[in-house]
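Participant: below: sequence and its predicted model.
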Amino acid sequence: MKTCLETLAVAFGMFSAVPVPQPEWNEKNMKYALCAFPLVGVLVGAVWLLWAKVCALLTLPAFLRGAGFCLLPVAVTGGIHLDGYADVSDALASWATPERRQEILKDSHCGAFAIIRLCTYFLWDFALCAAFLPQQPALLCAAVSFVLSRTLSGLAIATLPLARDSGLAHTFASAAHRGRVKLVLSLAALLESALLVWLGGLSALAMLAAALLCLWHYCRTAKNQFGGISGDLAGWFLQKAEVWMLCALVLSQYVEELL
């Protein structure tokens, strides 16, 4: 029980802004930390659903509702994945060699392209959140998307080649019981996908297609542009997967409205 609680504390302490006790990382509590990573998505999804309830009770306008949907995930996670998104945006914009891109990822400074891409990302995400129709099946699908994105991200870390033998991704991948972690996360991804389809039908299929396309693009970019995955790339993928799944969901809603 103690090890399970410590494993949860490692995952939430690293991947969220939730104040939890910080145990010393060791072989036992790191072995299945990637399996606990999707539980952070459960919390983000629950906060989304709670905000939807508040908006319905107060009859808030779409812009305020959308602002909450856009910013609450950042509040829960502390923006850790956005940091990776910004770093990777800078590295990709350099058009440099994979080795030079790795150096840019390790640079603590924020470049112009990182700021431009973050502004673009938030504008796009806010527009989608404001356009999102908070109906019950769609709300549940959106909540599940936060879990699925983290499941796929953890599965990629446990499966794909790493770009270097240091950094956050290497720490979690090297400490993980890879065989069991891959099995657990693969089963979780299948169950989450089935739940999504059961909840959302065609809209959910569009969301799954968006997530898988992002995963394919992630694998291709990591291999060709960086020589392997890293913690920054994992965050970049997670943010892209979430916004593209939301985009697919919103587009599906409006297509259904037209039909």
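Facilitator: Good, I have the coordinates.

Participant: number of residues surrounding Lys182?
Facilitator: Residues contacting Lys182 under the criterion other C-beta atoms under 10 Å number 16. C-betas here are computed from N, CA, C, even on glycine.

Participant: so Thr236 versus Leu118, what's the distance?
Facilitator: That one is not Thr; residue 236 is Trp. With distances taken as C-beta to C-beta, to the nearest Å, Trp236 is found 12 Å from Leu118.

Participant: same question, Ala75
Facilitator: Here Ala75 is placed at a distance of 16 Å from Leu118 (C-beta to C-beta).

Participant: and what of Lys31?
Facilitator: Distance, Lys31 to Leu118, using C-beta to C-beta: 34 Å.

Participant: that older thread, so which of Ala75 and Leu118 has more stuff around it?
Facilitator: Neighbour tally, Ala75 and Leu118, criterion other C-beta under 10 Å: the higher count belongs to Leu118, 18 against 13.

Participant: quick one: that one and Ala86 touch, right?
Facilitator: Yes: with contact defined as C-beta atoms under 8 Å, Leu118 counts as touching Ala86 (5.5 Å).

Participant: what sits in contact with each of Trp236 and Leu118?
Facilitator: In terms of C-beta atoms under 8 Å, 6 or more residues apart in numbering, Trp236 and Leu118 are both contacted by the residues Tyr85, Ser89.

Participant: which residues of this protein score low on pLDDT?
Facilitator: 1-3, 29, 95-109, 163, 166-178, 259 (pLDDT under 70).

Participant: now the helices for this structure?
Facilitator: Applying DSSP state H to the chain gives helices spanning 2-15, 27-30, 33-58, 62-77, 80-93, 98-106, 112-131, 136-159, 168-175, 178-200, 202-221, 231-258.

Participant: would you mind pulling up the elements that the shortest one packs against?
Facilitator: Yep, that's helix 27-30 we're talking about. In terms of contacts (3 or more C-beta pairs under 8 Å, 6 or more residues apart in numbering; DSSP states H and E), helix 27-30 is packed against helix 2-15, helix 168-175.

Participant: equivalent analysis for the third one, please.
Facilitator: Secondary structure elements in contact with helix 33-58, counted by 3+ C-beta pairs under 8 Å, 6+ apart, are helix 2-15, helix 62-77, helix 136-159, helix 168-175, helix 178-200.

Participant: send over the longest one as CSV, restricted to the C-alpha atoms.
Facilitator: If I follow you right, that is helix 136-159. Taking C-alpha atoms only, helix 136-159 is exported to CSV below (Å, rounded to 0.1, in the frame of the first residue of the first chain):
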residue,chain,number,x,y,z
GLN,A,136,-23.5,15.4,-21.7
PRO,A,137,-22.0,12.9,-24.2
ALA,A,138,-19.5,15.4,-25.6
LEU,A,139,-18.4,16.5,-22.1
LEU,A,140,-17.7,12.9,-21.1
CYS,A,141,-15.7,12.4,-24.3
ALA,A,142,-13.7,15.5,-23.6
ALA,A,143,-13.0,14.2,-20.1
VAL,A,144,-11.8,10.8,-21.4
SER,A,145,-9.5,12.6,-23.9
PHE,A,146,-7.3,13.9,-21.1
VAL,A,147,-6.8,10.3,-19.9
LEU,A,148,-6.2,8.9,-23.3
SER,A,149,-3.6,11.5,-24.2
ARG,A,150,-1.6,10.6,-21.1
THR,A,151,-2.0,6.9,-21.6
LEU,A,152,-0.6,7.2,-25.2
SER,A,153,2.2,9.5,-24.0
GLY,A,154,3.3,7.0,-21.2
LEU,A,155,3.1,4.1,-23.7
ALA,A,156,5.3,5.9,-26.1
ILE,A,157,7.9,6.6,-23.4
ALA,A,158,7.9,2.9,-22.4
THR,A,159,8.1,1.7,-26.0
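
Participant: okay, the angle between that helix and helix 202-221?
Facilitator: Angle of helix 136-159 versus helix 202-221, following axes from the mean of the first three to the mean of the last three C-alpha atoms, to 10 degrees, is 20 degrees.
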